[in-house]
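> what follows is a predicted protein model with its sequence.
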Amino acid sequence: MRPASFEYHRATSLEHALELLAEFGEDGRPIAGGQSLVPMMNFRLARPGHLVDINKLPLNSIESDGQMLRIGALTRHIAYFDNPLIARHFPAFLDAVHYIGHPTIRRNGSIGGSISHADPTAELAAVCVLYDAEIIARSTAGERRIRAGEFFLSAYVTALEPGEMVVGVELPVPPSSSTGSFIELAERSGDFATAAIGVSIEFSSGRITRASIVCSGADLVPIRAREAEDFLQGKPLDAAEASEAARLFATSIDPVDDHIASADYRRGLIGKLTQRAIEAACNRALDK
């Protein structure tokens, strides 16, 4: 299929892009890699009347001041593979990127486009929730910061307002005594995940001092496994408690039931993935 008719505009600066988006309101959408938006337009599930090309804007940096990691909205997925900051501080993030689509998608897709699209199974949406990220949005009215847990409202629905666009994402840098993992399962490599689990842990003296667990595929937005996180605090790094933490989470959820998998199948799958992700994170901690 072909998209509905639209007008194309190339932004020459961030201010220009925001002025155009303010003018077009709900009928305007920014576009960079187009890996999420264009397929939706081709199926006419999205019908913006105006596309604002933001590829020329200087929003593709990955920087850290030691406390926060800031990622520009136009940073392509492929950039994370060779970035030492991501590898050193955010192993679950790096794991997740390996699951994103195919090489073409990783070369062209951007973090701003991915999280703005808010696919319920998107890896970077889950990563943002896992690491308590803040989404930085801009409009002609100024800047707004939105916690990742409050940014994703439903499938393909975010807290962005008409005229706003994502310009960056900030993630708190975990301490050196931390690690994590991310595991997902899909019907085929590169397909949308049936379910995915991300884990980030902090540890000291052979025990977990803090845990963060996120799941995509159970609901219309990424969800945190709060009860399992609390359960793991103070537990040893030998991963002996991983199965109980996974059970606590799996029994607390009411997964979606769709053409890909039944709710019961998803619940069992999420339990197994949670256990494996916790075990993988613990093993990495023991190797440090």
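All right, it came through fine.

> who's in contact with the one helix or strand Val129 maps to?
Secondary-structure element containing Val129, defined by DSSP states H and E: helix 123-130. Helix 123-130 is contacted by residues 77, 90, 92-93, 96-97, 99-100, 111, 114-115, 118-119, 133, 135, 148-149, 151-152, 169, 171, 180, 182, 184, 193, 196, 198-200, 212-216, 221-224 when judged by C-beta atoms under 8 Å, 6 or more residues apart in numbering. No exception for glycine: its C-beta is placed from N, CA and C like everyone else's.

> weed out the non-buried ones from those residues.
Listed as buried from those are 77, 90, 92-93, 96-97, 99-100, 111, 114-115, 118-119, 133, 135, 148, 151-152, 169, 171, 180, 182, 184, 193, 196, 198-200, 212-216, 221-224; burial here means 16 or more other C-beta atoms under 10 Å.

> what comes up buried for the helix holding Val129?
123-130.

> downstream of it, the next helix or strand is which one?
Heading C-terminal from helix 123-130 (DSSP H and E), you reach strand 134-139.

> same for that following strand, what does it pack against?
Contacts defined by 3 or more C-beta pairs under 8 Å, 6 or more residues apart in numbering; DSSP states H and E place strand 134-139 against helix 14-24, strand 142-147, helix 148-151, strand 165-172.

> quick one: work out the angle between the first one and strand 142-147.
In this case it means helix 14-24. For helix 14-24 against strand 142-147, the angle by axes from the mean of the first three to the mean of the last three C-alpha atoms, to 10 degrees is 90 degrees.

> CA atoms of helix 14-24 as CSV?
Below are the C-alpha coordinates for helix 14-24, written out as CSV (Å, rounded to 0.1, in the frame of the first residue of the first chain):
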residue,chain,number,x,y,z
LEU,A,14,15.8,22.8,15.8
GLU,A,15,13.9,26.1,16.1
HIS,A,16,12.7,25.8,12.5
ALA,A,17,11.5,22.2,13.2
LEU,A,18,9.6,23.3,16.3
GLU,A,19,8.0,26.2,14.5
LEU,A,20,6.7,23.9,11.8
LEU,A,21,5.4,21.4,14.3
ALA,A,22,3.7,24.2,16.2
GLU,A,23,2.1,25.4,13.0
PHE,A,24,0.8,21.9,11.9
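
> so how far is it from its chain's centroid?
26 Å (C-alpha atoms, centre = their mean, to the nearest Å).

> now do that helix, average pLDDT.
Across helix 14-24, pLDDT averages out at 98.

> tell me the angle of that helix relative to strand 134-139?
Interaxial angle, helix 14-24 versus strand 134-139 (the same axes, to 10 degrees): 70 degrees.

> give me the contact list for helix 14-24.
Taking C-beta under 8 Å, 6+ apart as the rule, helix 14-24 contacts 9, 11, 28, 30, 49-50, 52, 54, 57-59, 138-140, 162-165, 167.

> unless I'm mixing things up, Glu63 is touching Thr75, no?
No - assessed by C-beta atoms under 8 Å, Glu63 is found out of contact with Thr75, at 10.4 Å.

> neighbour count winner among these two?
Neighbours were tallied for Glu63 and for Thr75 using other C-beta atoms under 10 Å; the higher tally belongs to Thr75 (22 against 11).

> my read: that one touches Ser110, true?
Yes - at 6.2 Å, Thr75 counts as touching Ser110 under the criterion of C-beta under 8 Å.

> so what sits against both of these two?
Common neighbours of Thr75 and Ser110 (C-beta under 8 Å, 6+ apart) are Asn60.

> all helices for the stretch 1-150 of the chain, in order.
Along the stretch 1-150 of the chain, counting by DSSP state H, counting those that start in this stretch, helices occupy 14-24, 37-42, 84-89, 91-98, 103-108, 111-117, 123-130, 148-151.

> same deal with the stretch 151-288 of the chain?
So, for the stretch 151-288 of the chain - with DSSP H, counting those that start in this stretch - the helices run 226-232, 242-250, 263-287.

> for the shortest one, which positions count as buried?
Spelled out, that is helix 226-232. Under the neighbour-count criterion of 16+ other C-beta under 10 Å, helix 226-232 has 228-229, 231-232 buried.

> which other residues reach that helix?
201, 208, 211-213, 241, 244-246, 248-249, 252, 274, 278.

> what's opposite Arg144 in the beta bridge?
Ala137 (DSSP bridges).

> distance of it relative to Glu15?
Per C-beta to C-beta, to the nearest Å, Arg144 is found 16 Å from Glu15.
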